[in-house]
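**Student:** take this sequence and fold it.
(one chain, ligands or ions: 2)
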Amino acid sequence: MTWDPIRKTGGQAVTPNLIDYTEECRAFSWTTAQRSFFHGSPDSRGSNMAYEAVDRHIEGLRSDHVALRCIGRDGQVTELTYRDLHDASNRFANVLGALGVGKGDRVFTLLGRLPELYVTVLGTLKNLSVLSPLFSAFGPEPICERLRLGEGRVLVTTPELYMRKVAGIRQSLPELKYVLVTGKGPAPGGTLLLSERMAEAGGRFEIPPTDPEDMALLHFTSGTTGRPKGAIHVHDAVVAHHTTAKYALDLRPSDVFWCTADPGWVTGMSYGVIAPLTFGLTLVVDAGEFDARRWYRTLQDQQVTVWYTSPTALRMLMRRGDALPREYDLSRLRYIASVGEPLNPEVTVWGLRALGQPVHDNWWQTETGAIMISNYAAMDIKPGSMGRPLPGVEAALLERGADGRARVVDGYAREIVAPGVEGELALRPGWPSMFRGYLGQPERYAKAFAGGWYLSGDIARKDEDGYFWFVARADDVIKSAGHLIGPFEVESVLMEHPAVAEAGVIGKPDPVAGELVKAFVTLNAGYEPSETLRLELVAFARRRLGAVAPKEIAFDQNLPHTRSGKVMRRLLKARELGMPEGDTSTLEHPDG
Ligand code: ATP
Ligand code: MG
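**Tutor:** Ligands and ions are numbered 1, 2, ... in the order given. I've put the predicted structure just below:
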């Protein structure tokens, strides 16, 4: 099935075309963006991420504007203005100073979406220490591994998380000098009470001169394909956070913005903390777990205007049907975007039908630090496409060698120009939020660049209008009887069947075909697994996909996901083949 583009001009209820894409792309340069962005900063503090996110607004007219609206698990709402956030982050910077924690020292967070998280992030950045966020759902082992790799000096957490997950590993972390805990106390042995330290600290803090290249954030990747890597980001990244949020998320100072990503991974930081605050807007933070009704209620009650979420969440909402969102007033919602894994065309179109707005897919990685390719606010959306490179981003597809990755000969890689041909997605280095290294793994970092490109490890194709279409991660491509098959295409077709809510597709070794395509599908409410349904799905896929259709289909109501919401195909495969599961530290509900 081919999907009609969703037009930005004409009758459909979508964001009006405010920015001229072609013109912006032509006129754009990062140097100018940097200059205009840091314009008005009285001195080099202006290069500091936290200065740009908070302090700048204190000098402007937005001190009393609500910066954070935190909805607790119990529904209780706590508001912090820009002034509150400014003062509290100053205090936290002073707390670090008093402990002798300084420039370059690593501060880790293991917190849910509590107000303390935002204060810690901003205070750490002001102090020129390095912030590394952990998923609060991590178990002791992944926590220990990351703290050790990242040489964590300070950890900010809750007393409960400390007792459950950290107390037992503390002995093996000699570098971890201080653990600060939230709450009213008493603090567990070996920890300090954050509120006490904050009360003792002064509310004034002078941000030291910040070099744009000073290290700011350490982000571990999602670990979808293997062992997580620690990507290093610098203060200059804020220029890209702001610019890309303007283009890809259409953010404006008047917005109420909700980013559902966990602050434990890069989306939850770049667009869940930094970028939105640079606009001086109101950021909604919901500490509750996913629940369709709760999420619709948050959109309605908080009058969210721009919403950034994930394909998995959208698929789960879609699974609950079209009638549910009609019970809520979503009229303030003017823009929806999604990231993290391929967005099935079905979902984009469902957004327009059921929520009144289409879903804008965008593509980026922990390594890129910010959105690179996007269904830009001003562009027509092609459902199923990731969109086009943002201004300042040069993306290309490179010809591949026998190993499936870009072929670089004598430092030269060939770009694919013909539309529709698959290649490795590559980016021209030089954008401000590009990672500056994998911590402790210089060879691995060096290997990510070749022939003048950063190699993403993803396979894509481009159409005649310059839209990029995701095919697969290079490691996920299935080779079956001479065909190269991207699991995503097969998954999307399966999802067009009314019974299918989500699918995960893998290649299974086969003596004749090399690999055969096997699909695991989650069914929508109202459907039961049965042999008849299985045969119907096989036939349905065969009609659509021909030779590349799955030969085997199994029902699985519990597809494995990473904590950032991606289907973990490598785990499906390991389970299928009875192989060791490898690193599952980022797996959601490991017991489920
Ligand atoms: P690891 O590198 O440890 O295996 P990861 O690649 O999942 O983990 P992230 O940096 O969180 O870690 O994810 C980036 C990857 O997610 C991209 O390389 C791509 O494979 C996938 N991805 C992100 N956005 C999209 C999108 N819009 N469409 C398709 N795939 C996407
Ligand atoms: Mg990756």
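**Student:** which elements pack onto the helix or strand containing residue 35?
**Tutor:** Element membership for residue 35 (DSSP states H and E) is helix 30-38. Under the contact criterion of 3 or more C-beta pairs under 8 Å, 6 or more residues apart in numbering; DSSP states H and E, helix 30-38 touches helix 237-248. Every C-beta, even on glycine, is put in place using the N, C-alpha and C of the backbone.
**Student:** and the helix it packs on, how far from the chain's centre?
**Tutor:** 14 Å (C-alpha atoms, centre = their mean, to the nearest Å).
**Student:** by residue count, what's the longest helix in this structure?
**Tutor:** Secondary structure of the chain per DSSP state H: the longest helix is helix 82-98.
**Student:** next SSE after that helix?
**Tutor:** strand 106-110.
**Student:** tell me the angle of that next one relative to helix 82-98?
**Tutor:** Strand 106-110 runs at 120 degrees relative to helix 82-98, counting by axes from the mean of the first three to the mean of the last three C-alpha atoms, to 10 degrees.
**Student:** straight-line length of stretch 71-87, end to end?
**Tutor:** 21 Å (C-alpha to C-alpha, to the nearest Å).
**Student:** how much space between residue 104 and residue 387?
**Tutor:** According to C-beta to C-beta, to the nearest Å, residue 104 and residue 387 sit 36 Å apart.
**Student:** burial count for the closest residue to ligand 1 within the stretch 351-500 of the chain?
**Tutor:** Residue nearest to ligand 1 within the stretch 351-500 of the chain: residue 366 (3.4 Å; C-beta to the nearest ligand atom). Residue 366 has 22 neighbouring residues, counting by other C-beta atoms under 10 Å.
**Student:** do the one 10 residues further on as well
**Tutor:** One way to gauge burial is a neighbour count; for residue 376, by other C-beta under 10 Å, it gives 25.
**Student:** what's the burial count for residue 180?
**Tutor:** 26.
**Student:** err, residue 236, not the other one
**Tutor:** 24.
**Student:** secondary structure class for the closest residue to it other than its chain neighbours?
**Tutor:** Excluding its sequence neighbours, the residue lying closest to residue 236 (C-beta to C-beta, 6 or more residues apart in numbering) is residue 212, at 3.6 Å. Secondary structure, DSSP: H, G, I helix; E, B strand; the rest coil: residue 212 is coil.
**Student:** now for the nearest residue to residue 341 once chain neighbours are set aside, how many residues are close by?
**Tutor:** Leaving aside its sequence neighbours, residue 341 sits nearest to residue 566 (C-beta to C-beta, 6+ apart; 4.5 Å). Using other C-beta under 10 Å, the number of residues around residue 566 comes to 23.
**Student:** residue 566 reaches residue 315, doesn't it?
**Tutor:** No: when contacts are counted by C-beta atoms under 8 Å, residue 566 is not listed as touching residue 315 (12.0 Å).
**Student:** did I read that right, residue 433 in a helix?
**Tutor:** No: under three-state DSSP, residue 433 sits outside any helix and is assigned coil.
**Student:** before we move on, back to that, thought the residue of the stretch 351-500 of the chain closest to ligand 1 was touching residue 435?
**Tutor:** Yes: the pair residue 366 / residue 435 is scored as a contact, 7.3 Å apart, by C-beta under 8 Å.
**Student:** which neighbours do the two share?
**Tutor:** Applying C-beta atoms under 8 Å, 6 or more residues apart in numbering, one finds that residue 366 and residue 435 are jointly contacted by residue 231.
**Student:** contact partners for the residue nearest to residue 236?
**Tutor:** Per C-beta under 8 Å, 6+ apart, neighbours of residue 212: 34, 47, 234, 235, 236, 432.
**Student:** roughly how far apart are the last one and residue 396?
**Tutor:** In this case it means residue 432. From residue 432 to residue 396 the distance is 20 Å (C-beta to C-beta).
**Student:** among the two, which residue is more densely surrounded?
**Tutor:** Taking other C-beta under 10 Å, residue 432 and residue 396 do not tie; residue 432 has more neighbours (25 against 20).
**Student:** where exactly do the strands run in the stretch 1-150 of the chain?
**Tutor:** Residue ranges of the strands in the stretch 1-150 of the chain, as given by DSSP state E, counting those that start in this stretch, are 66-71, 77-81, 106-110, 130-134.
**Student:** ok, back up a step: between residue 104 and residue 387, which has more neighbouring residues?
**Tutor:** More neighbours surround residue 387 than the other of residue 104 and residue 387, with 23 against 12 (other C-beta under 10 Å).
**Student:** and that one, what are its bridge partners?
**Tutor:** residue 468 (DSSP bridges).
**Student:** can you pull the contacts of it?
**Tutor:** 360, 361, 362, 363, 373, 374, 375, 376, 379, 381, 467, 468.
**Student:** okay, those residues in TSV with distance to ligand 1 and pLDDT next?
**Tutor:** Output for the contacts of residue 387, formatted as TSV (distance: C-beta to the nearest ligand atom, whole Å; pLDDT from 0 to 100):
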residue	distance to ligand 1	pLDDT
360	10	96
361	5	97
362	6	97
363	4	98
373	8	97
374	9	96
375	9	93
376	13	83
379	15	84
381	13	93
467	12	96
468	9	97
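**Student:** only the buried subset of those residues, as a PyMOL command please.
**Tutor:** The buried residues among the contacts of residue 387 can be selected in PyMOL (16 or more other C-beta atoms under 10 Å) with this line:
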select buried, resi 360+361+362+363+373+374+375+376+379+381+467+468
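**Student:** the contacts of residue 387 in strands, which ones?
**Tutor:** 360, 361, 362, 363, 373, 374, 468 (DSSP state E).
**Student:** closest to residue 528 out of the strands of the stretch 1-150 of the chain?
**Tutor:** strand 66-71 (35.9 Å; C-beta to C-beta).
**Student:** what helices and strands are in contact with the closest one?
**Tutor:** strand 77-81, helix 82-98, helix 115-126, strand 282-286.
**Student:** tell me which of these sits nearest to ligand 1.
**Tutor:** helix 115-126 (18.4 Å).
**Student:** distance between that closest one and the chain's centre?
**Tutor:** The answer for helix 115-126 is 19 Å, by C-alpha atoms, centre = their mean.
**Student:** any idea of the angle that helix forms with strand 66-71?
**Tutor:** Using the same axes, to 10 degrees: helix 115-126 against strand 66-71 is 140 degrees.
**Student:** before we move on, the earlier item: quick one, grab the pLDDT at the residue nearest to residue 341.
**Tutor:** You'll see residue 566 listed with a pLDDT of 87.
**Student:** mind listing what it touches?
**Tutor:** Contacts of residue 566 by C-beta under 8 Å, 6+ apart are 222, 224, 312, 340, 341.
**Student:** rank these by pLDDT and give me only the lowest.
**Tutor:** Ranking these by pLDDT puts residue 224 at the bottom, with 69.
**Student:** re the thing from before, so what's the residue of the stretch 351-500 of the chain closest to ligand 1 up against?
**Tutor:** 219, 220, 221, 222, 229, 231, 265, 266, 435.
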